[in-house]
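> could you work out the structure for the sequence below:
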Amino acid sequence: MAFDLLRDARRRGVLYTLKRNGRTSVAELARRIAAWQSDERDETDPSAVETSLVHAHLPKLSEASVVEYDRESGTVELADGGEELDPLLRCTREREPDLFRATRSSNLHAREVGQ
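Here you go, the predicted structure:
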């Protein structure tokens, strides 16, 4: 199950962001992942990323008890079960430093995550 959860780069991006920054809004997760997935030729639309997070990736991570996803407030945070993925996340992080760097908290605002 752990490999299935980490197979998708967007799910890994969610976990990297939550590990570094704690509770985060879905919109902020989408913005960071879209920025990482964009390149010089093609920009990834944050609203498309947000749709995939809301309808596919966050429910999957929530069902696995890795994240706590509050649809009503639009926030996500790590669940206690997320720690089991730490050894695998360390390995994947080394292989995709650009995604890991995109999760930095330099422009994450507390008001965006309802704190």
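> give me the pLDDT for residue 55.
For residue 55, the model assigns a pLDDT of 97.
> residue 22 versus that one, what's the distance?
Applying Cβ to Cβ, to the nearest Å, the value for residue 55 to residue 22 is 24 Å. The way it works is simple: take the backbone N, C-alpha and C, and place the C-beta from them, glycine included.
> quick one: which of the two has more around it?
The neighbour count for residue 55 versus residue 22, taken as other Cβ atoms under 10 Å, is higher for residue 22 (13 against 9).
> now the more buried one. Nearest residue, chain neighbours left out?
residue 77 (6.5 Å; Cβ to Cβ, 6 or more residues apart in numbering).
> A strand includes that neighbour, no?
Yes: assessed by DSSP: H, G, I helix; E, B strand; the rest coil, residue 77 belongs to a strand.
> what's across from it in the sheet?
When assigned by DSSP bridges, residue 77 has beta-bridge partners residue 68.
> what about it, neighbour count?
15.
> from residue 48, how far off is it?
Distance, residue 77 to residue 48, by Cβ to Cβ: 23 Å.
> residue 26 too?
With distances defined as Cβ to Cβ, the gap from residue 26 to residue 48 amounts to 13 Å.
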